[in-house]
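Engineer: Please work out how this folds:
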Amino acid sequence: VDVGAIQQSLADTSILVVSPTPGIDCPVLESLRATGIPFHIVPDCSAIKQFALDMTPKEKELYYVTFVNEDYYKHSPYQVFYNTTKSVMITFGPKNIVKGAHAHIKAPSRVFPSILLPSCAELVQALKASPNRMQLPDGPSSQEMMGKDLPHSCIDEDEDLDTSFYNTLQILIAEDNIVNQKVLQRTFSRLGLNNVDVAQDGLIACEASLQKKYDVIFMDMEMPNMNGIDACRAIRERDGNDAPLVVF
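Structural biologist: Coordinates of the predicted model:
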């Protein structure tokens, strides 16, 4: 993830996570924490209504991305928020029952920061280009029309994915940021990926891949001692067709 580019594109954006159980929804929070992009946790629908009513003029100038636990979505309070702000809504949960959301995450633990955060940036850019960006349809019967200007998408469409084969994969994370290391390790663990090692820089990754055969290396671009590009090049030159898949 190009954190700098994402931070720049979201410089005029505030992110809200609406859930009374943010600890359970930690994959979303971990992805946000890993980037340093500021966000707020709002416990329920009444709180987000009050959040909107208490906004300062400066806060009303911002754009908003809200992550909403689908089980706690209530139309009337959110109507106040969406009629007051320039905002898009990403719901999360297994049922995908809020059809008016601009995007939905069925299983937050399966969504990598490299997917989630660019998706936020793209939605904000579409929001800025939408002439009706502040409107929320009236009543549940018309909620499906809410996303007509911003196409609805499902970020993790395949909720029935069979992950049993993951147990055999050997994975190396080449990442110098400790927070990013933990985010990836926890995400992989929830997917059933348990054979995961960590290298703090590209040089260590090259040495680790010489000592052990990996199927996939998740490589950061910018690291001390040896960056991801040079490490990838060195591994491919050394191993040829036997080199592992490298994902930046």
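Engineer: shaky segments in the protein?
Structural biologist: Scanning the chain for pLDDT under 70 picks out the ranges 1-4, 22-37, 108-115, 130-167.
Engineer: Show me the helices in it, by range?
Structural biologist: For the chain, the helices identified by DSSP state H occupy 3-9, 26-35, 45-53, 57-60, 75-84, 113-129, 178-190, 202-211, 228-239, in order along the chain.
Engineer: looking at the ones you listed, which is buried most?
Structural biologist: helix 26-35 (a mean of 20; mean count of other C-beta atoms under 10 Å). For the C-beta atoms, the positions are set from N, CA and C on the backbone; glycine is no exception.
Engineer: still on that earlier bit, just so I know, which of the helices of the chain lies nearest residue 93?
Structural biologist: Closest approach to residue 93 among those is made by helix 26-35 (11.2 Å; C-beta to C-beta).
Engineer: Out of the helices of the chain, which is closest to residue 92?
Structural biologist: Closest approach to residue 92 among these is made by helix 26-35 (6.6 Å; C-beta to C-beta).
Engineer: Now residue 81: closest residue in space that isn't a chain neighbour?
Structural biologist: residue 52 (4.3 Å; C-beta to C-beta, 6 or more residues apart in numbering).
Engineer: residue contacts, the one you found?
Structural biologist: Residues touching residue 52, when contacts are defined by C-beta atoms under 8 Å, 6 or more residues apart in numbering, comprise 80, 81, 84, 85.
Engineer: of the residues you listed, closest to residue 98?
Structural biologist: residue 81 (13.9 Å).
Engineer: Residue 63 versus the closest one, what's the distance?
Structural biologist: Going from residue 81 to residue 63 by C-beta to C-beta, to the nearest Å gives 13 Å.
Engineer: Which neighbours do those two have in common?
Structural biologist: Counting by C-beta under 8 Å, 6+ apart, the contacts common to residue 81 and residue 63 are residue 87.
Engineer: How far off centre is stretch 224-237?
Structural biologist: Using C-alpha atoms, centre = their mean, to the nearest Å, we find the averaged C-alpha position of stretch 224-237 to lie 27 Å away from the chain's own average C-alpha position.
Engineer: show me what contacts the closest residue to residue 123 other than its chain neighbours?
Structural biologist: Nearest residue to residue 123 in three dimensions, chain neighbours excluded: residue 88, at 4.7 Å (C-beta to C-beta, 6+ apart). Contact criterion C-beta under 8 Å, 6+ apart gives 64, 65, 66, 102, 103, 123, 124, 126, 127, 133, 150 as the residues in contact with residue 88.
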